[in-house]
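Chemist: Coordinates only, no sequence provided:
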DNA sequence: CTCAACTTGTTCCATTTGGAACAATGTGGC
DNA sequence: GCCACATTGTTCCAAATGGAACAAGTTGAG
């Protein structure tokens, strides 16, 4: 089944993207949209979780203990979004929260088994779309992209929010 | 003035990003956030334009004539967002609209001189943040990233919305 | 020609989003 | 010890967002 060509009124989106004045940002943003937005929609449709919520689970699946603030910084999302997500994930039993004995302001968040199961489900959903988009790359492309993105992510994490 | 290290409670965001299970998507999304979100905020603060609005201008700066639908596809944004943007940009005198004589449903959008001036201003604002983030890359990184992103963008433009 | 199916642009509405202010707690200079 | 200042998590609220339904227009099969 042939794919409909990405043309509209003679506008070729791919060609357009290759002529934008900004260096990489627009193209990167476009590709990100193509991966993240449909993945986000699929996760929401299939699990009911919204972005801040599954990001919280993904973070807690990587690090055993985090504060809400940690998650906010790791995901570059505002604190109040994470705060809401924490409450909903607590209600669902996907995470636990315990006051930090050494700092009364913050709470230590951990993922539950139920939460870990949901996180695995979410990652599987996200991986489908991701694989579709990155299927265009060969081994060298993958390696190069990986190298550059690691460098960029490390650098960007030091920049102001 | 030294930059505060990107650490919080022992969580190194850069290291975290390099351990995420998803292949490229999360890192790419993170870097995109680091470029696009602050750029978006800066544009909004300095010009009052929101995302759909300046994307519309950027598109029209590249292609002399577009329909609202073209812009929606090029930017992967819903049509109603573009519709709103068109009305506001018309009110501001940044674009013109003329009915398409060959198809009564659609309208031909073009950018005005005033719009082009604003678009240049927006691109300058966006470039500042972009340069900051991509400053971490050397010439080979740039070339590799460019090559891979072009490939990805071309491929993604053929995928479903 | 006719009618069903489709496309464009729009409005309506519920949800998501994030800035700002806030209380509670911790920190550091003196 | 005390007090100004910073930090965490929260609530409130206005704005942005995107799905759904819609009218107007176009297309194509028969």
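Modeler: All right, it came through fine. From a predicted model like this one, the values you see are computed outputs, not experimental measurements.

Chemist: secondary structure class for residue A:49?
Modeler: coil (DSSP: H, G, I helix; E, B strand; the rest coil).

Chemist: For the residue nearest to it when sequence neighbours are not counted, the count of nearby residues, please.
Modeler: Distances taken as C-beta to C-beta, 6 or more residues apart in numbering or on different chains place residue A:43 nearest to residue A:49, at 5.8 Å, with adjacent residues excluded. Heads up, the C-betas are built off the backbone N, CA and C, glycines and all. Using other C-beta atoms under 10 Å in any protein chain shown, residue A:43 is surrounded by 22 other residues.

Chemist: which SS class is residue A:43?
Modeler: helix.

Chemist: by contact count, what packs against the helix or strand harbouring residue A:117?
Modeler: Following DSSP states H and E, one finds residue A:117 within helix A:113-134. Counting by 3 or more C-beta pairs under 8 Å, 6 or more residues apart in numbering or on different chains; DSSP states H and E, the packing neighbours recorded for helix A:113-134 are helix A:25-47, helix A:51-62, helix B:25-47, helix B:139-156.

Chemist: To residue B:60, which of those lies closest?
Modeler: In terms of C-beta to C-beta, the element of the helices and strands packed on helix A:113-134 nearest to residue B:60 is helix A:25-47, at 14.2 Å.

Chemist: Around DNA strand D, which positions in chain A sit nearby?
Modeler: A:37, A:41, A:67-69, A:79-80, A:83-84, A:86-87, A:105-107 (C-beta under 7 Å from any atom of the strand).

Chemist: Tell me who's in contact with the residue nearest the centre of chain A.
Modeler: The geometric centre of chain A, computed from its C-alpha atoms, lies nearest to residue A:55 (C-alpha atoms, centre = their mean), at 6.2 Å. Residue A:55 sits next to A:71, A:75, A:77, A:85 when contact means C-beta atoms under 8 Å, 6 or more residues apart in numbering or on different chains.

Chemist: same check, this time on residue A:82
Modeler: By C-beta under 8 Å, 6+ apart, the neighbours of residue A:82 are A:52, A:56, A:68, A:69, A:71, A:72, A:75.

Chemist: Are we agreed that it is in a helix?
Modeler: Yes - counting by three-state DSSP, residue A:82 is located in a helix.

Chemist: Just give me the neighbour total for the closest residue to residue A:130 other than its chain neighbours.
Modeler: Leaving aside its sequence neighbours, residue A:130 sits nearest to residue B:25 (C-beta to C-beta, 6+ apart; 4.6 Å). Neighbours of residue B:25 under the rule other C-beta under 10 Å: 22.

Chemist: repeat for residue A:149
Modeler: Residue A:149 has 24 nearby residues by other C-beta under 10 Å.
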